[in-house]
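# sequence and computational prediction follow.
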Amino acid sequence: MSEQETPKARKRVTPEEFITRWPLYTPAPIEEFYPPERVSHHCDGPACGKETTWLRSINPQYLNLEGSSVGFNWVWYRCGLCNVQCLMVVYRKFGVEERTGKRQGSGAIPRPAPSPTVRVTAKVQKIGQYPSQSIDVQKGLGKALGEEAVTLYKKGLINRNSGYGLGAVTYIRRVVEDKTNELIDVAAHLAESHSVDAGIVKQIRAAAEERTTYDQKLKIAATVLPDALLIEGVNPLAELYSLVSEGVHALTEEECITVADETASVFEFIFTNLRSTTLARHSFVEKVKRWAGRGTAQREAEEKG
């Protein structure tokens, strides 16, 4: 499959995503890239410690090594809140292509003039960043994963940030594999909190006991997940199954990074956001049942009295 044919290669990347999230040495399909004036980025400074707006301190600078035809750009950002923490990104633009420009009005000319062609740079590659991208795992996710899984997850992030997509996919899939039974348990608790039939909840939990591979367990659990539990019409377990079962032997490093990012995103949503929401809902439902039980008991006592 060619780069043009695979949908993974056509993933749209914004200039802000390139500055804040894009891995090293991985071509990004951005035409005529120019760093944005401001970006949203996490600030690790003691005065911030949260997502803030960062401002471009200077216009992009170009450096061409003497005697070399290869040059690169660098740009500098500073946290707009603490005005202390800085982020520097070094990049190069390449992949010059001929594109058809806009046709100028021909006025009274009987035959329209041919559309002019222009040369544009079609790709940009990050070749350096300071400080390096964080491999910190969110506190809630880290606590839920445990020390061993966090270590694997961080190795996946290191590979991803360095442009090693195949390594990133491998490590992140390993974490999903190790936590599949817990993911299925989250789905079962979600079903219970929505008062889904006990028989269906039992089928969901039974998927974890199947003597099969982790991806097939996810597929089985996704199959019995009722429509009432879909998130905006999307089955999260089915999405995760689709990602972990996708073959990567024919994918490029860039395409593998896309798969790794999507897998991590769905996994984190289920394992943290959906898990915490489900536990909170389940706890509330149980409280309501107890309150209802006390109310019923009180009414019965009053009727008898």
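Arrived safely, thanks for sending.
# which SS class is V124?
Following DSSP: H, G, I helix; E, B strand; the rest coil, the label given to V124 is strand.
# how far off centre is stretch 267-281?
Here stretch 267-281 is found 16 Å from its chain centre; the criterion is Cα atoms, centre = their mean, to the nearest Å.
# now do the buried residues in it.
F267, E268, I270, F271, T272, L274, R275, T278 (16 or more other Cβ atoms under 10 Å). C-beta here means a position set from N, CA and C on the backbone, and glycine is covered the same way.
# same question, stretch 181-189
Residues of stretch 181-189 classed as buried by neighbour count (16+ other Cβ under 10 Å): E182, L183, I184, D185, V186, A187, A188, H189.
# residues contacting it, please?
Outside stretch 181-189, the residues that touch it by Cβ atoms under 8 Å, 6 or more residues apart in numbering are 176, 201, 204-205, 207-208, 217-218, 221, 225, 229, 237, 240, 267, 270-271, 274-275, 278-279, 282.
# any idea which of the buried residues of stretch 181-189 is the one closest to E66?
Nearest to E66 among the buried residues of stretch 181-189: L183, at 55.6 Å, using Cβ to Cβ.
# the closest one and L55, how far apart?
Counting by Cβ to Cβ, to the nearest Å, the separation of L183 from L55 is 40 Å.
# which SSE is T223 in?
Using DSSP states H and E, T223 sits within helix 214-224.
# just the C-alphas of that helix, formatted as CSV.
Provided in CSV are the C-alpha atoms of helix 214-224 (Å, rounded to 0.1, in the frame of the first residue of the first chain):
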residue,chain,number,x,y,z
TYR,A,214,-6.6,-10.4,24.6
ASP,A,215,-7.8,-8.8,21.3
GLN,A,216,-10.5,-11.5,20.9
LYS,A,217,-11.6,-10.9,24.5
LEU,A,218,-12.1,-7.3,23.6
LYS,A,219,-14.1,-8.3,20.5
ILE,A,220,-16.4,-10.6,22.4
ALA,A,221,-17.0,-8.0,25.1
ALA,A,222,-17.7,-5.3,22.4
THR,A,223,-20.2,-7.6,20.7
VAL,A,224,-22.4,-7.9,23.8
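# who does that helix touch, helix- and strand-wise?
Packing partners of helix 214-224 (3 or more Cβ pairs under 8 Å, 6 or more residues apart in numbering; DSSP states H and E): helix 180-193, helix 198-206, helix 236-244.
# for the protein, which residues score under the pLDDT cut-off?
Applying pLDDT under 70 to the chain flags residues 1-11, 101-115, 278-289, 292-305.
# domain boundaries for it, per the record?
The chain breaks down into these domains under automatic domain parsing: 12-99+117-134, 142-291.
# just name the most buried of those.
Mean neighbour count (mean count of other Cβ atoms under 10 Å) peaks for domain 142-291 among these, with a mean of 18.
# regarding the nearest residue to T14 once chain neighbours are set aside, what is its secondary structure?
Closest residue in space to T14, ignoring its immediate chain neighbours: I30 at 7.8 Å, by Cβ to Cβ, 6 or more residues apart in numbering. The three-state assignment at I30 reads coil, by three-state DSSP.
# I30 touches V13, doesn't it?
Yes: using Cβ atoms under 8 Å, I30 makes contact with V13 at a distance of 5.7 Å.
# which of the buried residues of stretch 267-281 sits closest to V244?
Of all the buried residues of stretch 267-281, the one sitting nearest V244 is F267; the distance, using Cβ to Cβ, is 9.0 Å.
# what helix or strand does that closest one sit in?
Assigning secondary structure by DSSP H and E places F267 in helix 253-268.
# are we agreed that N73 is in a strand?
Yes: using three-state DSSP, the assignment for N73 is a strand.
# contacting residues around it?
P60, Q61, Y62, L63, V90, Y91, R92, K93.
# secondary structure class for the nearest residue to the fifth one once chain neighbours are set aside?
Once its chain neighbours are removed from consideration, V90 has its nearest residue in G128; the separation is 3.5 Å (Cβ to Cβ, 6+ apart). For G128, the assignment made with three-state DSSP gives strand.
# show me the contacts for G128.
Per Cβ under 8 Å, 6+ apart, neighbours of G128: L24, W74, M88, V89, V90, Y91.
# which ones among those lie within strands?
W74, M88, V89, V90, Y91 (DSSP state E).
# which two among those residues are spaced furthest apart?
Greatest spacing in the ones in strands among the contacts of G128, by Cβ to Cβ: M88 and Y91 (10.5 Å).
# what is in contact with those two at once?
Common neighbours of M88 and Y91 are listed as W74, V75, G128 (criterion: Cβ under 8 Å, 6+ apart).
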